[in-house]
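Chemist: Need coordinates for the below:
(2 chains)
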Amino acid sequence: MLTLLDRRSLLAGSLALGSSGLVLPRIALAQTTGTRKVLFVVLRGAADGLSMLAPVGDPGFAALRGAALADYEGAPRIGSFFALHPALTEVGKAAASGDALFVHAAATSYRERSHFDAQNLLETGGNAPYATKDGWLNRLVSLTAEAHKGEVPRALAIAPAVPLALRGDAPVSSYAPSALPNASDDFMARVASLYQADSELASLWARALETRAMASDDSLNNLRDASANGALVASLMQGARGAQIAMIEVDGWDTHANQRGVFARQARGLDALLAAYRTGMGAEWRDTLVLVATEFGRTAALNGTNGTDHGTAGAALVMGGSVRGGRVEADWPGLGAGQLYQGRDLAPTIALESVLAGAVAEHLRLDPAQTLARLFPGRTGKPLAGIVRS
Amino acid sequence: MSAASIALNRFGYGLARGNRAPRDPEAWLLRQLDSFDPAPPPIAARAQTRGKTGEMIETLRTLRREMREMADPATSPAGGEAAMMAETGAANPRADALAGLPPEYRAKFVEARRVAIDDLAVRVNVAVASETPLVERLVHFWSNHFSVSVGKPGTQFEVGPHEFSAIRPHVLGKFSDLLKAAVLHPAMLLYLDQFQSIGPNAPFQQRRAARANANPETPRGLNENLAREVLELHTLGVGGGYSQADVTELARALTGWTVPGIGRVGRFAVDQPSGAAFVALVHEPGTRTIMGKRYSEGGPEQALAVLDDLATHPATARFVATKFARHFAGDTPPQSLVARLEADFRSTGGDLASLTRTLIASPEAWAAGPVKFRTPFEWYIAAMRLSGLEGLEPQRIARVLGELGQSPWRAPSPAGYDDLAASWAAPDALFRRVELAERMAQGAPTEDVLARAEAAFPDALSDMTRTWLTRAESGRQALALLLVAPEMMRR
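Modeler: Below is the predicted model of the structure:
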């Protein structure tokens, strides 16, 4: 169910959520989890994990991405093996202070290469695309309420429409600042997919989008918007009355061409958003968990247009004041010719579902196995442990 | 594409929501030739505007005179010209220009604009609702062949009637009748300046010379514009074997054909069935020689006789056949098809129903294709039909067609809109269709999109399109995607 409300009423205190007419009491929340916040950031379009967190210690990286190596000289390192993308300055600082953790070579159970199927799976938590109607984040809302026998955590989509991950039986609000990409971006992406087998229309469409992006490409504005969005999300989540479980989407990661520039711009925006959010949460950052994930990774090698195509495993980012950060959680599969998945993608060695379930379970004091079973049913792996300091 | 999909899309304007794909595609097309209604209710109900054009021209002339007389350009009603030139589509320049006019003039321009936009909506609504979409396509094909434009001052009242009464009734008749009706209609006479062309030796010239205070604004001589375009664009085509002398001679033969109700000679005008008028006073007397044939003096009949012969000239047959084939069978139509159409045109003396039947019977027209990128107008009509949208405001229809880049009756030149993919398959143009599709889907019925898609492109829907329609997050999104699917863009 969905209630659309403006920011003022959201911040004002008592609010009625959903058609159930449920009125939340003003009293403080159950002690166990009431002040703990979760923000899920979806990077739509498949963010390139090898750009986000470059395995510069793997000789295969230079072979595959030689041209990009220079970008990582002087970039923040995490350990000796990985270098953070230089545009992720603030994320780097958070990692240095132990507040950010990366997971690499992670993927959901999805093994095909369709954005929409993959996003569907990432958001529903189902085993197959379109098999599950509600989202895992919505089930997390219910699970948290049940587990702690407390009130239902306030859930909020910072988007014009509630994204699939938050859809379901638990009440969810949505709030869309006007600067957010409008709903039709998804439609535009679908049109691109519709034209993928039609070379004339695909080419026309790509050129139309390029022109459109150029016309509105004002990096400063984009950064200012990203920063403003981060601050806005924080303001919507702060305090006892703020949303406890929220989600925001960042589009534009489908870097099929000229990836270096596009990725850097995207990364700067993400960095600004996360930095502003962290600042905005103030002291509450201690009780905040940020999960940044994308539907899949991209091909290890560059394609003919200096971009990458749809791949398999990628990177995820976990941030927060109680995260055991400053490290990379990975069972590195290697980038050698025989090590790539289907000879082209970074091979998945960690289930993204295990990361998400493990992180939210530890953060919200839920039973990890039960959480994984509820949010991502049918998975055989175990929830990843040790993400959050106990 | 299946035969049914070709009949629907290549020959028509696509499936209308609620209809079924034809079971016998060829018979379905042929039946349309018998059941076509040249004057469906929205056209039959159109208010008569005869006489308005003459008033408008006079108003313009008065405005120009006042402009000249008011020496100070800052206070002159320059808006008149600008208002007429800018006309329906443009936003602010037009409003500014109108604001500068005296109220009684302003009201006239506002009315003219409204009539043109209402007529445009009639054209669209008739096509969207049509059960004879093939013949609607023919109407629009010939309307573009005989292109007129609202961009020309004074034509707003006439562009609709030009198509409704000069073109529609003749698209399945003789080309010669179509030619005469379209060329000698007030819209064309205005658009290509024929209305003010005067024979150098016409009786009017002598009277004028005798008068001291002749209005310097009134034109004094021959204007070849219409004559040239008749030869180059309407009949023989470039390289059709005509010379400058033929142009001038045709221009002389056309003198006298004008718009009723204008100028000093207006009271001598004799109304013609086309809505035009003939003023013998300005007609160039004498015998004319055009394409080697002599035409004796005959007043208005002289031009009609010339047009009759031009209509059946072999070069015209070739020119028309090529254009016709290009429109239906691809930008570079098969020569065998052009030759067959040309032969049909020649043997029947330009029988357009026969030409259409021959097209339908030609295997080249049924090539599996698609062979053609839909123009913005074609796409819009097809999208409207498939979406099931109804009752849009005329203003909105006009605005949307402007955004799509192809407003009917506003082609940039007398050659009409281009009929080649290269002119329409452009990134920004595609983007506009996509944007519009999303908007259209907001207000349209969306519960049966997949079934509609299968019916609109019977046995011709690609797996890719089917897949993405199935995966759409809502019926609304599925409809929007269907409206811009490759199947909708080409036919």
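
Chemist: contacts, neighbours, all on C-alpha from now
Modeler: Fine.

Chemist: isn't residue A:310 right up against residue A:297?
Modeler: Yes - with contacts counted by C-alpha atoms under 8 Å, residue A:310 reaches residue A:297, the gap being 6.7 Å.

Chemist: So for the two, which sits in the more crowded spot?
Modeler: Using other C-alpha atoms under 10 Å in any protein chain shown as the criterion, residue A:310 and residue A:297 rank with residue A:297 on top: 30 against 24.

Chemist: So for the closest residue to that one other than its chain neighbours, what's the pLDDT?
Modeler: Using C-alpha to C-alpha, 6 or more residues apart in numbering or on different chains and skipping residues adjacent in sequence, the residue nearest residue A:297 is residue A:314, 4.1 Å away. On pLDDT, residue A:314 comes in at 97.

Chemist: Okay, and the beta partners of residue A:314?
Modeler: Applying DSSP bridges to residue A:314 yields these beta-bridge partners: residue A:106.

Chemist: what's near enough to touch residue B:411?
Modeler: B:147, B:148, B:149, B:417 (C-alpha atoms under 8 Å, 6 or more residues apart in numbering or on different chains).

Chemist: ok, it to residue B:125 distance?
Modeler: Using C-alpha to C-alpha, to the nearest Å, one gets 20 Å for the distance from residue B:411 to residue B:125.

Chemist: cool, residue B:491 as well?
Modeler: Residue B:491 sits 21 Å away from residue B:125, going by C-alpha to C-alpha.

Chemist: So these two - more neighbours on which side?
Modeler: Neighbours were tallied for residue B:491 and for residue B:125 using other C-alpha under 10 Å; the higher tally belongs to residue B:491 (27 against 20).

Chemist: Just the pLDDT for the residue nearest the centre of chain B.
Modeler: Nearest to the geometric centre of chain B sits residue B:143, at 3.0 Å (C-alpha atoms, centre = their mean). For residue B:143, the model assigns a pLDDT of 98.

Chemist: Can you list the low-confidence ranges for the stretch 201-350 of chain B?
Modeler: Scanning the stretch 201-350 of chain B for pLDDT under 70 picks out B:212-219.

Chemist: err, the stretch 51-200 of chain B, not the other one
Modeler: B:68, B:70-98.

Chemist: try the stretch 151-300 of chain A
Modeler: Those would be A:160-161, A:176-186, A:211-223, if you go by pLDDT under 70 across the stretch 151-300 of chain A.

Chemist: Which residues of it lie near chain B?
Modeler: Neighbours of chain B within the stretch 151-300 of chain A, by C-alpha under 8 Å from any C-alpha of the partner chain: A:184, A:187-188, A:190-191, A:193-195, A:197-198, A:201, A:204-209.

Chemist: Now with 7 Å, please.
Modeler: A:191, A:194, A:204, A:205, A:207, A:208 (C-alpha under 7 Å from any C-alpha of the partner chain).

Chemist: And those, which of them are buried?
Modeler: Neighbour counting with 16 or more other C-alpha atoms under 10 Å in any protein chain shown marks A:191, A:194, A:204, A:205, A:207, A:208 as buried within those.

Chemist: coming back round to it: is it possible to get the contacts of residue B:411 out as CSV so that each row also shows neighbour count and secondary structure?
Modeler: Converted to CSV, the contacts of residue B:411 look like this (neighbours: other C-alpha atoms under 10 Å in any protein chain shown; DSSP: H, G, I helix; E, B strand; the rest coil):
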residue, neighbour count, secondary structure
B:147, 29, coil
B:148, 32, coil
B:149, 24, coil
B:417, 20, coil
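
Chemist: Columns distance to residue A:352 on top of those, output as CSV?
Modeler: What follows is the contacts of residue B:411, written out as CSV (distance: C-alpha to C-alpha, whole Å):
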residue, distance to residue A:352
B:147, 62
B:148, 64
B:149, 62
B:417, 55
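
Chemist: any idea how far residue A:363 lies from residue A:38?
Modeler: Remark: distance between residue A:363 and residue A:38 (C-alpha to C-alpha) = 8 Å.

Chemist: What about the residue nearest to residue A:297, how many residues nearby?
Modeler: Residue A:314 has 33 neighbouring residues, counting by other C-alpha under 10 Å.

Chemist: would you list every one of the helices in the stretch 201-350 of chain A?
Modeler: Assigned by DSSP state H, counting those that start in this stretch, the stretch 201-350 of chain A shows helices spanning A:219-237, A:259-281.

Chemist: So what's the gap between the shortest one and the chain middle?
Modeler: Put plainly, it is helix A:219-237. 16 Å (C-alpha atoms, centre = their mean, to the nearest Å).

Chemist: Between helix A:259-281 and that helix, find me the angle.
Modeler: Here the directions of helix A:219-237 and helix A:259-281 differ by 40 degrees (axes from the mean of the first three to the mean of the last three C-alpha atoms, to 10 degrees).

Chemist: Mind listing residues that contact helix A:219-237?
Modeler: With C-alpha atoms under 7 Å, 6 or more residues apart in numbering or on different chains as the test, helix A:219-237 has contacts from A:11, A:179, A:242-244, A:269-270, A:272-274, A:276-277, A:280-281.

Chemist: Can you give me every residue that contacts residue 126?
Modeler: Because you didn't say which chain, this covers chain A. Neighbour list for residue A:126: A:132, A:376, A:377 [criterion: C-alpha under 7 Å, 6+ apart].

Chemist: Contact partners for the closest residue to chain A within chain B?
Modeler: For chain B and chain A, the shortest gap (C-alpha to the nearest C-alpha) falls at residue B:427, measuring 4.5 Å. Taking C-alpha under 7 Å, 6+ apart as the criterion, residue B:427 is in contact with A:204, A:205, A:207, A:208.

Chemist: And those residues, which is closest to residue A:83?
Modeler: residue A:207 (33.2 Å; C-alpha to C-alpha).

Chemist: Can you tell me, leaving aside adjacent residues, what's nearest to that closest one?
Modeler: Closest residue to residue A:207 apart from its sequence neighbours, by C-alpha to C-alpha, 6+ apart: residue B:427 at 5.9 Å.

Chemist: I'd like the distance between the one you found and residue B:434.
Modeler: Taking C-alpha to C-alpha, one finds residue B:427 at 11 Å from residue B:434.

Chemist: Please apply the same query to residue B:335.
Modeler: Distance, residue B:335 to residue B:434, by C-alpha to C-alpha: 35 Å.

Chemist: quick one, which of those two is more surrounded?
Modeler: Higher neighbour count among residue B:335 and residue B:434: residue B:434, with 21 against 12, using other C-alpha under 10 Å.

Chemist: I figured that one was touching residue B:484, is that so?
Modeler: Yes - using C-alpha atoms under 7 Å, residue B:434 is in contact with residue B:484, at 6.1 Å.

Chemist: Name the residues contacting each of these two.
Modeler: By C-alpha under 7 Å, 6+ apart, no residue touches both residue B:434 and residue B:484.

Chemist: Dig out what residue B:277 forms beta bridges with.
Modeler: Beta-bridge pairing of residue B:277 under DSSP bridges involves residue B:258, residue B:271.

Chemist: That one contacts residue B:259, doesn't it?
Modeler: Yes - taking C-alpha under 7 Å as the definition, residue B:277 is a contact partner of residue B:259 at 5.4 Å.

Chemist: Let me see the ranges of the helices in the stretch 51-200 of chain B.
Modeler: With DSSP H, counting those that start in this stretch as the criterion, the stretch 51-200 of chain B has helices spanning B:52-69, B:79-86, B:92-99, B:103-129, B:133-145, B:159-161, B:175-183, B:186-191.
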